[in-house]
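Student: only geometry, no sequence info:
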């Protein structure tokens, strides 16, 4: 039934039968899940469950052995990384990957979705629209003050925000965040939750997270992964009370 | 408006660095050196083209090529082929068994001009080929390597191997290439004798003009978003890829740009020196080119120019007196630079001389702007390229 629904195109993202095997080890094994537009989905699960690999597969960093990933009706498994970005998928990595030699402004400017070709990048002009977009995003990610500082000088939490900002300025339809609050202080976590709430107003978001408190704060639905498969799926309360989830992940 | 902003640039700090270099190359050196020495400086400058390319390719984008001699050589050979054909008129080669073909072909029992030599009768084709042939090869290598995500040490080794292959090919195909002797006895360019002192002086100034053209082209690239992406790619290739850029295309571009600069340098080398041989394009020559760039400062295009000038001047000076010691000195120099000051002379200049400049600039600012010109220009007067070496172009 769900397959029929995906073909009708109601889902923003439809992952079906996704499998990847590394030398015979199936990191992701016949995985299927579906994201509605504007949904916030959190993937949880024990270490080695294949959570990050799922994001890698969607954004094209890893190529699937079999299965399909349909995003807004487009098959992603055949596309190159930058083409997947252009179709509207943004990915944040687990460790903050910002350009330390560039300023916050330049980091955001590089991510601005224009001048992606060599010629385009040569002809690119820092016009009013660019400056406005950069300043807008900087405000959202609490970095207005640091706009002209090199990114190397930012704190760990600020770098995480900057990377989220770099995704936001791409105006993606789907944002994928890998452990956005890992290594953050309590205050930073709170601010990040606030930031995600703003973001999720007009984006579909797929998050990997361990912090159950944080998961409960933001998730519409939760997918629990175990050994490359979906163990349980549903609301936070549903999965929290699922005996299988308690067994392998949450503990008694 | 445009005019005044150009004026402003010239009295800006960066503009003054360019002016100081121009002053050194156009006024001071021609006035103080005899024609022979000036020709040597011109020869050194042809290596600066390669070094500028390496700054863009290696320093900025992080792609270390140990085979830039290949592109330098291709540019040089293209020019040499044209000049050789011009020198091999049927009258001048009447004593050969096949008059009208280059002498080395005749010695190797060739009886007609090989097909790939034919287009080099045309000067406009030659000019095109000087840039086109190196860029085409760089493009092919780039597609083969970068789309397969070959990078780092592997790429460096492959470029090195290509340098070796090309050298062996040229030496082996003596009848077509002149072999180990290279293409020698070049005399005139469109009827203009390039061996006279006067011609060599003019060629020197052409070389300086072309150098500044390449400097400005490199500066344009580095100051555009393109330049920031190159730097970003060097540090966080993955992030650039997932920000929607086709990383391979940018790598191919910058590798081709470096090849184009090297090709121009090679062609000018042939004109200034009067011959081209495989010894200028092989592994050793290619590694020396990386040293010019590293010593000058691999992040600074102006630094690269000073690096090429200084290392080559040192090489000439040193090998005149202790020829067998030079390779050791060069090796020591490279290790020293990498260990002690990885950003080269430009890095040293930035940390030690620029703070001094800051003081002078501030003191003079209250008077009038052009007075600020004195510190840089004065150093050029003393001809201490070391102190004059420039500059992180970040801003």
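Tutor: Okay, I see it. Quantities reported herein were computed from a predicted structural model and do not represent experimental measurements.
Student: quick check, central residue of chain A?
Tutor: The centroid of chain A falls nearest to residue A:176 when counting by CA atoms, centre = their mean (0.8 Å).
Student: I'd like the distance between it and residue A:84.
Tutor: 11 Å (CB to CB, to the nearest Å). Backbone N, C-alpha and C define where each C-beta goes, glycine included.
Student: pLDDT weak spots in the stretch 251-395 of chain B?
Tutor: The model of the stretch 251-395 of chain B has pLDDT under 70 over residues B:363-395.
Student: got the residues of chain A near chain B?
Tutor: Neighbours of chain B within chain A, by CB under 8 Å from any CB of the partner chain: A:59, A:61, A:80-82, A:85-86, A:90-91, A:93, A:97-102, A:106, A:109-111, A:113, A:115-118, A:121-124, A:126, A:163, A:166, A:170.
Student: apart from its chain neighbours, what residue comes closest to the residue nearest to the spatial centre of chain B?
Tutor: Chain B has residue B:49 as the residue nearest its centroid, 2.0 Å off, counting by CA atoms, centre = their mean. Computed as CB to CB, 6 or more residues apart in numbering or on different chains, the closest residue to residue B:49 that is not its neighbour in sequence is residue B:265, at 2.9 Å.
Student: roughly how far apart are the one you found and residue B:308?
Tutor: Counting by CB to CB, the gap from residue B:265 to residue B:308 is 9 Å.
Student: quick check: neighbours shared by the two?
Tutor: B:47-48, B:50 (CB atoms under 8 Å, 6 or more residues apart in numbering or on different chains).
Student: contacts only, for the residue nearest to residue B:49.
Tutor: B:46-50, B:72, B:75.
Student: without its sequence neighbours, what residue ends up closest to residue A:80?
Tutor: In space, residue A:80 is closest to residue A:60, 6.5 Å off (CB to CB, 6+ apart).
Student: pretty sure that neighbour is touching residue A:78, no?
Tutor: No - checked against CB atoms under 8 Å, the pair residue A:60 and residue A:78 is beyond contact range at 9.5 Å.
Student: who has more neighbours, those two?
Tutor: Each of residue A:60 and residue A:78 has its neighbours counted (other CB atoms under 10 Å in any protein chain shown); residue A:60 has more, 23 against 13.
Student: is residue A:206 part of a helix or strand, or is it coil?
Tutor: Under DSSP: H, G, I helix; E, B strand; the rest coil, residue A:206 falls in the strand class.
Student: now do residue A:31
Tutor: strand.
Student: ditto for the one 3 residues further on
Tutor: When the structure is reduced to helix, strand and coil (three-state DSSP), residue A:34 reads as strand.
Student: and it, how many neighbours does it have?
Tutor: For residue A:34, using other CB under 10 Å, the count is 20.
Student: in space, what's closest to it - neighbours in sequence excluded?
Tutor: residue A:11 (4.5 Å).
Student: quick check: that neighbour is in a helix.
Tutor: No - if the criterion is three-state DSSP, then residue A:11 is coil and not within a helix.
Student: residues contacting it?
Tutor: Applying CB under 8 Å, 6+ apart, we find residue A:11 in contact with A:5, A:34-37, A:70.
Student: ok, so of the shared contacts of residue B:265 and residue B:308, who is nearest residue B:361?
Tutor: residue B:48 (27.4 Å; CB to CB).
Student: buried set for the host helix or strand of the closest one?
Tutor: Residue B:48 is part of helix B:35-54, with elements assigned from DSSP states H and E. Neighbour counts over helix B:35-54 (16 or more other CB atoms under 10 Å in any protein chain shown) mark B:38-54 as buried.
Student: check which helices and strands it is in contact with.
Tutor: Packing partners of helix B:35-54 (3 or more CB pairs under 8 Å, 6 or more residues apart in numbering or on different chains; DSSP states H and E): helix B:29-32, helix B:68-87, helix B:197-223, helix B:247-273, helix B:283-296, helix B:301-321.
Student: just those helices: most buried one?
Tutor: helix B:68-87 (a mean of 28; mean count of other CB atoms under 10 Å in any protein chain shown).
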